[in-house]
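Asks: Below is the structure, and that's it, no one-letter string:
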Ligand code: UGA
């Protein structure tokens, strides 16, 4: 089976490479000539563990190619996947569908025979139906079937998520669309992955409902963490106790500085706009969005409190600036709110991130960038863990202690054992657990 993947962002590139791994012939299309040139040279524009080797292997085997020529790519394909960005539209929170419809127009013009067009981009409910109308209007001569196949991969574990998903959701309305998706995902039958076939609207909504529910779960445990701090309970244990209930599950109950990234903030907002559009209030999601916004500012207070009530004239070391580990993505990272706020309160901020500094430099111009974690701790009055990169878990606490002016650790991801840290001479502030003074 031959498919075209329009868009070589996270979703497009990972999906393209993984479909090649499933044995399909994949041509990835992007308008960005620089990106395509990079990919042709075997360089990967994003940081995603394992993606470079997967791309190289399938490129070598001739199953994966890259082009800027959309026309040629879609003409030779049985199915065309649209995986372009749907960022938040400036000002109103709606998903911006400009790129999706621009791609659809080009596809409509280029196609020469019956084809299935699949949206993999996250698109608001009703978009598939609009695409159907567009294709019927532009190409009444051709059978172009629209399908919705939302993607659930996470940055940092994208390949594993794609190759071994919990489920695949397919919104289809014709046998041809059904068969195209069933064929594309056939290898997953071997590992008995549930492949769900449903309508366009339902598939589109499954995606938003899933992301918004996960964002709700995180926000719920974050508020529980605040209460834990007040009553002397431990949120890690509360989450464990809750999560052992099979109806709740343990995943996505890690409290932290608030969710960020390219999906949860954007998708929760877009779902709210859909709710408004269809006059169906979504008050839980509304609250989640505002609690999560407020949380980043709360984290600033936490850091200031750990520094004795003021950070003016103090040096704050920061470990991790990306919205989560194993990515260089800075989109909607809590660091983009927390670090400028610390600067505004008069702190000097010095930070290190294993992969994110190149992206972060332009976004956080007042931060001093360090070569490693111990440099970020040097002469600092407090060290803040903002992203739970694995390399931070194994840091030599004695060495960190020696580097710092004051041994104050603010662990916004609960990666350290408070007892061990206080024994090493630190004053410790975590999330949803007791603050401990230095031993
Ligand atoms: C998320 C979803 O998990 C994917 O299923 C989905 O496909 C993707 O959005 C998307 O819509 O494209 P991603 O944004 O890559 O994936 O990252 P997550 O691992 O979900 O983390 C999102 C945010 O939640 C991060 O800021 C993370 O630190 C935070 N988080 C996550 C917590 O604070 N606690 C948790 O327990 C889990």
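Replies: Looks like it came in fine. For clarity, every value in this text was computed on a predicted model and none was experimentally measured.
Asks: Three-state assignment for the residue of the chain most remote from its centre, please.
Replies: Relative to the C-alpha centroid of the chain, counting by Cα atoms, centre = their mean, residue 141 is the outermost residue, at 39.6 Å. Secondary structure for residue 141, judged by DSSP: H, G, I helix; E, B strand; the rest coil, is coil.
Asks: try residue 118
Replies: strand.
Asks: what's the neighbour count on it?
Replies: 27 (other Cβ atoms under 10 Å). Every C-beta, even on glycine, is put in place using the N, C-alpha and C of the backbone.
Asks: Need the pLDDT of it.
Replies: Listed pLDDT for residue 118 reads 98.
Asks: and what of the one 4 residues further on?
Replies: As predicted, residue 122 sits at a pLDDT of 94.
Asks: mind listing the strands for this protein?
Replies: 2-6, 25-29, 64-67, 79-82, 115-119, 144-148, 168-171, 195-198, 315-319, 348-352, 368-369, 382-385, 408-411, 427-429 (DSSP state E).
Asks: Please tabulate those strands in a markdown table, including the columns distance to the ligand.
Replies: Converted to a markdown table, these look like this (distance: least, Cβ to the nearest ligand atom, whole Å):
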| stretch | distance to the ligand |
| --- | --- |
| strand 2-6 | 15 |
| strand 25-29 | 18 |
| strand 64-67 | 21 |
| strand 79-82 | 14 |
| strand 115-119 | 13 |
| strand 144-148 | 14 |
| strand 168-171 | 11 |
| strand 195-198 | 15 |
| strand 315-319 | 14 |
| strand 348-352 | 17 |
| strand 368-369 | 21 |
| strand 382-385 | 12 |
| strand 408-411 | 14 |
| strand 427-429 | 17 |
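Asks: Out of those, which is closest to residue 39?
Replies: strand 64-67 (4.4 Å; Cβ to Cβ).
Asks: which secondary structure elements does the closest one contact?
Replies: With contacts taken as 3 or more Cβ pairs under 8 Å, 6 or more residues apart in numbering; DSSP states H and E, strand 64-67 sits against helix 10-21, strand 25-29, helix 33-40, helix 51-60.
Asks: Figure out how far the shortest one is from the centre of its chain.
Replies: Here the centre of mass of C-alpha atoms in strand 25-29, compared against the chain's by Cα atoms, centre = their mean, to the nearest Å, lies 23 Å away.
Asks: how close does the residue farthest from the centre of the chain sit to the ligand?
Replies: Applying Cβ to the nearest ligand atom, to the nearest Å, the value for residue 141 to the ligand is 35 Å.
Asks: Likewise for residue 355?
Replies: Counting by Cβ to the nearest ligand atom - residue 355 and the ligand are separated by 14 Å.
Asks: circling back: can you put the helices and strands packed on strand 64-67 in a markdown table and add mean neighbour count, mean pLDDT and distance to residue 425?
Replies: A markdown table is the format used below for the helices and strands packed on strand 64-67 (neighbours: other Cβ atoms under 10 Å; pLDDT from 0 to 100; distance: least, Cβ to Cβ, whole Å):
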| stretch | mean neighbour count | mean pLDDT | distance to residue 425 |
| --- | --- | --- | --- |
| helix 10-21 | 25 | 97 | 41 |
| strand 25-29 | 25 | 98 | 52 |
| helix 33-40 | 15 | 96 | 47 |
| helix 51-60 | 17 | 97 | 41 |
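Asks: which stretch among those comes nearest residue 217?
Replies: helix 10-21 (22.2 Å).
Asks: Off-centre distance for the closest one?
Replies: 16 Å.
Asks: From the contact counts, what lies against it?
Replies: Against helix 10-21 (3+ Cβ pairs under 8 Å, 6+ apart) you get strand 2-6, strand 25-29, helix 51-60, strand 64-67, helix 158-163.
Asks: any chance of the ones you listed in JSON lines, with distance to residue 291 too?
Replies: Rendered in JSON lines, the data for those read as follows (distance: least, Cβ to Cβ, whole Å):
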{"stretch": "strand 2-6", "distance to residue 291": "36"}
{"stretch": "strand 25-29", "distance to residue 291": "38"}
{"stretch": "helix 51-60", "distance to residue 291": "34"}
{"stretch": "strand 64-67", "distance to residue 291": "42"}
{"stretch": "helix 158-163", "distance to residue 291": "27"}
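Asks: ok, back up a step: nearest to residue 42, out of the strands of the chain?
Replies: strand 64-67 (10.3 Å).
Asks: and the closest one, which strands flank it?
Replies: If you go by DSSP bridges, strand 64-67 pairs up with strand 25-29 (parallel).
Asks: Write out the residues of the stretch 151-300 of the chain neighbouring the ligand.
Replies: Residues of the stretch 151-300 of the chain lying close to the ligand by Cβ under 6 Å from any ligand atom are 151-155, 211, 214, 218, 252-254, 256, 259-261, 263-264, 267.
Asks: So which of those residues are in helices?
Replies: 211, 214, 218, 264, 267 (DSSP state H).
Asks: where does the last one land on pLDDT?
Replies: This means residue 267. pLDDT, read off for residue 267, is 95.
Asks: Start the count at 7 instead of 1 going forward.
Replies: Renumbered: residue one is now 7, and that last one reads residue 273.
Asks: The residue nearest to it when sequence neighbours are not counted: neighbour count?
Replies: Leaving aside its sequence neighbours, residue 273 sits nearest to residue 217 (Cβ to Cβ, 6 or more residues apart in numbering; 4.3 Å). Neighbour count for residue 217, taken as other Cβ under 10 Å: 24.
Asks: which residues sit in contact with residue 217?
Replies: 128, 269-270, 273-274, 277 (Cβ atoms under 8 Å, 6 or more residues apart in numbering).
Asks: what's stretch 302-310 in contact with?
Replies: In contact with stretch 302-310 (Cβ under 8 Å, 6+ apart) are residues 232, 263-264, 316-317, 322, 340, 343-344, 347-348, 351, 388, 390, 416, 418, 435.
Asks: Now, of these, which are buried?
Replies: 263-264, 317, 322, 340, 343-344, 347-348, 351, 388, 390, 416, 418, 435 (16 or more other Cβ atoms under 10 Å).
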